[in-house]
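Engineer: I'd like to go over a predicted model; first the sequence, then the structure.
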Amino acid sequence: MLVLGLEGTAWCASAAVYDTETDAVLQESDAYVPDSGGIHPREAAEHVADAIPSVVERVLDRLAERGWSADVDDENDDGTDGGSAPPVDAVAFSRGPGLGPCLRAVGTAARTLAGRWDVPLVGVNHMVAHLEIGRHRSGFDSPVCLNASGANAHLLGYRDGRYRVLGETMDTGVGNAIDKFTRHVGWSHPGGPKVEEAAGDGSYVDLPYVVKGMDFSFSGIMSAAKAEYDDGTPVEDVCYSLQEHVFAMLTEVSERALSLTGSDELVLGGGVGQNARLREMLAEMCDARGAKFHVPEPRFLRDNAGMIAVLGAKMYRAGDTVAIAESSVDPNFRPDQVPVTWRSREESVGVVDPEMRLRGAEAIVEIEGDRAVKRRIGKSYRHPELDRTLRTTRTRGEARLTSDARRVGVPTPLVYDVDVPEATLTLQYVGDVDLAERIEPEQCRRVGEHLARIHGAGFVHGDPTPRNVRVDDERTYLIDFGLGYYTDHVEDYAMDLHVFEGSVAGTTSDAQTLLDAFEEGYLEVGERRVIDRLRTVEGRGRYQVNDGP
Ligand SMILES: C[C@@H](O)[C@H](NC(=O)OP(=O)(O)OC[C@H]1O[C@@H](n2cnc3c(N)ncnc32)[C@H](O)[C@@H]1O)C(=O)O
Ligand SMILES: [Fe+2]
């Protein structure tokens with residue numbers, strides 16, 4: 001079977017033909033490169049509209065040269081000859097997300113071709129295509145996927161018919177964040193490769209580092225990078241340090257996602273995936289924990305129609321086509337809105353392996369009688385200076401907040417000893433199991449109460465996932481305050497709730513009952529305005545907890 005794919009969500013007009021028999025992809029692309037600055041949406045749309053017909057023509061010429069032909073026959077229903085056979089069996093196109101005018105140009109082209117050839121039309125989500133191409137090329141069963149593209153950055157895992165967002169950026173996509181910095185220093189789009197090149201000669205300067213659970217944010221680090229540049233720090237040093245911080249953040253959250261879901265497979269997708277330093281960090285992290293890592297070749301990382309054709313073929317096989325009249329584009333199409341018709345439910349991630357607990361993402365915990373000795377291990381993937389700063393500040397912070405939480409009535413382990421240079425804490429051993437292994441509404445209600453208490457005391461936990469809660473018959477303990485901090489921003493409190501809700505939704509099947517109990521518990525002790533803010537946070541679209549169809 002042959003499927004034509006069309007891509008043009010922003011800067012790249014591309015057409016590809018995927019042959020399911022041989023797994024070969026023919027691809028022709030034409031990039032829009034602005035004279036200066038970033039992407040101008042109108043210019044980009046003009047480029048896509050102009051370039052699509054010629055990339056289609058070129059790829060069809062190559063198809064004809066090779067003599068590949070579609071399975072579909074050219075007979076009419078009554079057996080008479082229907083004229084010339086269509087060159088492909090189906091047409092797939094990027095339906096979103098992306099820039100509206102660009103998407104509309106691609107949609108129009110796709111509908112025209114499908115209508116002319118009388119073949120089915122398949123509407124593909126561009127973000128899901130970025131990750132499915134890695135799963136396809138790697139042959140992995142059920143990987144965690146890190147999408148690092150221009151307008152997006154998120155961690156996804158398949159579960160029960162949907163891709164779940166396990167973590168994502170709280171502001172801009174990773175490529176756009178880097179591109180904003182390069183615009184500031186006068187370099188044109190795309191900025192990523194220019195930063196990578198300049199970074200080669202740079203040395204380390206300290207910049208903000210922001211991860212919250214499996215979510216992360218780039219706005220602070222980008223303002224700091226611009227300020228460093230304006231203050232005269234050599235641009236190579238800023239580029240080098242930007243990469244060290246931003247990619248270490250992405251690697252850390254990927255490791256956390258592997259740990260939380262118990263998956264041992266990671267795939268990388270998206271244009272920023274072309275960056276050698278990011279790939280190196282992820283490969284090193286996976287290697288250290290015995291996980292497999294795959295990154296597709298560059299032509300399938302940056303925007304390309306090959307990934308659209310490959311996913312289009314899977315969808316077509318599953319009967320997942322769209323009528324022309326219903327094929328309108330969606331600039332805000334989220335990956336977790338897509339019904340995953342081409343995968344079976346058995347492939348879900350998130351079946352938690354109890355053994356994993358002692359091999360958490362950042363520390364080694366040894367149980368000695370009634371004590372747990374927790375050592376934050378060095379991560380060879382990150383810069384030694386950044387590594388030391390993170391380990392010592394988190395160790396110190398964890399000791400302090402664990403005690404502060406107990407003082408306001410939240411069950412936490414006693415802190416017996418703190419060794420900051422060794423990044424080691426000796427804590428009381430608490431609970432029988434992780435909440436992840438025995439998750440019930442009553443425990444979730446208590447987690448809600450506990451979080452409300454610490455928010456009332458002016459700090460957040462920073463990573464309240466079901467693995468950072470321990471339970472026994474009597475109590476529900478919060479542990480691992482290493483990402484917590486003092487703050488009076490309601491947004492930070494709402495993010496704590498969002499992290500808990502996101503990780504419950506990402507790893508359980510009946511999340512709604514658990515989350516209702518959690519919010520009830522929170523409201524019993526805490527303030528309604530935090531729950532209200534949580535709704536606003538979710539409503540921003542970018543980071544919704546989407547549980548089921
Ligand atoms: C919605 C869609 O239009 C969008 N696609 C997109 O942004 O193009 P993509 O090819 O996936 O990623 C482009 C980004 O990838 C960055 N990039 C390319 N090469 C890079 C490199 N060597 N290092 C770092 N970033 C790089 C570029 O600077 C740019 O920000 C998306 O997937 O979010
Ligand atoms: Fe993309």
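Structural biologist: Structure received. Numbering: from 1, shown residues only. Ligands and ions are numbered 1, 2, ... in the order given.
Engineer: which helix or strand in this structure has the lowest average pLDDT?
Structural biologist: strand 211-212 (a mean of 84; mean pLDDT, DSSP states H and E).
Engineer: which elements pack onto the helix or strand just after it?
Structural biologist: Proceeding N to C from strand 211-212, the next assigned helix or strand is strand 215-216, under DSSP states H and E. On a contact count with 3 or more C-beta pairs under 8 Å, 6 or more residues apart in numbering; DSSP states H and E, strand 215-216 meets strand 162-168, helix 235-261, helix 490-507. (C-beta placed from N, C-alpha, C; glycine too.)
Engineer: what does strand 215-216 rub up against?
Structural biologist: With C-beta atoms under 8 Å, 6 or more residues apart in numbering as the test, strand 215-216 has contacts from 153, 167-170, 210, 249-250, 253, 495, 498-499, 502, 543.
Engineer: list the buried residues of the very next helix or strand once past it.
Structural biologist: Counting by DSSP H and E, the next helix or strand C-terminal to strand 215-216 is helix 219-230. By neighbour count with 16 or more other C-beta atoms under 10 Å, helix 219-230 contains the buried residues Ile221, Met222, Ala224, Ala225, Lys226, Glu228, Tyr229.
Engineer: swap in stretch 151-164?
Structural biologist: Result for stretch 151-164 [16+ other C-beta under 10 Å]: buried residues 151-160, 162-164.
Engineer: show me the beta-bridge partners of the residue nearest the centre of the chain.
Structural biologist: For the chain, the residue sitting closest to the mean C-alpha position, by C-alpha atoms, centre = their mean, is His154 at 1.5 Å. When assigned by DSSP bridges, His154 has beta-bridge partners Asn147, Glu168.
Engineer: residues in contact with it?
Structural biologist: Met127, Leu146, Asn147, Val165, Leu166, Gly167, Glu168, Thr169, Pro335.
Engineer: tally of neighbours for the second one?
Structural biologist: Right, Leu146. The number of residues packed near Leu146 is 31, by other C-beta atoms under 10 Å.
Engineer: tell me the contacts of it?
Structural biologist: So Leu146 contacts His154, Leu155, Leu250, Ser254, Leu266, Val267, Leu268, Gly269, Leu282 (C-beta under 8 Å, 6+ apart).
Engineer: from those, which would you call buried?
Structural biologist: His154, Leu155, Leu250, Ser254, Leu266, Val267, Leu268, Gly269, Leu282.
Engineer: what's the closest of the residues you listed to ligand 1?
Structural biologist: Distance to ligand 1, by C-beta to the nearest ligand atom, is smallest for Gly269 among the buried ones among the contacts of Leu146, at 8.0 Å.
Engineer: for the closest one, which non-adjacent residue is closest in space?
Structural biologist: His130 (3.8 Å; C-beta to C-beta, 6 or more residues apart in numbering).
Engineer: right, and that neighbour touches Ala151 too?
Structural biologist: No - in this structure His130 lies outside contact range of Ala151 using C-beta atoms under 8 Å: 10.9 Å.
Engineer: list the contacts of Asp516.
Structural biologist: By C-beta under 8 Å, 6+ apart, the residues touching Asp516 are Pro441.
Engineer: quick one: buried residues of the host helix or strand of it?
Structural biologist: Element membership for Asp516 (DSSP H and E) is helix 511-525. Buried positions in helix 511-525, judged by neighbour count with 16+ other C-beta under 10 Å: Ala511, Leu514, Leu515, Ala517, Phe518, Glu519, Gly521, Tyr522.
Engineer: run the chain-centre distance for the helix or strand following that helix.
Structural biologist: Helices and strands here follow DSSP H and E; after helix 511-525, the next one along the chain is helix 528-539. In terms of C-alpha atoms, centre = their mean, to the nearest Å, the centre of helix 528-539 is found 22 Å from the chain centre.
Engineer: which helices and strands sit right next to helix 528-539?
Structural biologist: For helix 528-539, the elements it packs on are helix 490-507, helix 511-525, judged by 3+ C-beta pairs under 8 Å, 6+ apart.
Engineer: between the ones you listed, which gets nearest to ligand 2?
Structural biologist: Among these, helix 490-507 comes nearest to ligand 2, with 22.6 Å by C-beta to the ion.
Engineer: what helices or strands is the closest one leaning on?
Structural biologist: Counting by 3+ C-beta pairs under 8 Å, 6+ apart, helix 490-507 packs on strand 153-159, strand 162-168, strand 215-216, helix 235-261, helix 441-456, strand 459-460, helix 511-525, helix 528-539.
Engineer: would a markdown table of the ones you listed with distance to ligand 1 be doable?
Structural biologist: Converted to a markdown table, the helices and strands packed on helix 490-507 look like this (distance: least, C-beta to the nearest ligand atom, whole Å):
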| stretch | distance to ligand 1 |
| --- | --- |
| strand 153-159 | 8 |
| strand 162-168 | 12 |
| strand 215-216 | 16 |
| helix 235-261 | 8 |
| helix 441-456 | 32 |
| strand 459-460 | 29 |
| helix 511-525 | 27 |
| helix 528-539 | 20 |
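Engineer: turn the ones you listed into TSV, including mean pLDDT.
Structural biologist: Compiled in TSV, these are given as follows (pLDDT from 0 to 100):
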stretch	mean pLDDT
strand 153-159	92
strand 162-168	89
strand 215-216	89
helix 235-261	95
helix 441-456	97
strand 459-460	98
helix 511-525	97
helix 528-539	92
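Engineer: figure out which of the ones you listed is closest to Val418.
Structural biologist: strand 459-460 (17.7 Å; C-beta to C-beta).
Engineer: now the helices for this protein?
Structural biologist: For the chain, the helices identified by DSSP state H occupy 41-66, 100-117, 126-138, 174-184, 192-199, 219-230, 235-261, 276-288, 305-317, 384-407, 441-456, 490-507, 511-525, 528-539, in order along the chain.
Engineer: which among these is found nearest to Tyr477?
Structural biologist: Ranking the helices of the chain by proximity to Tyr477 (C-beta to C-beta) places helix 441-456 first, at 8.5 Å.
Engineer: can you list the residues of this structure near ligand 2?
Structural biologist: Ser149, Asp303 (C-beta under 5 Å from the ion).
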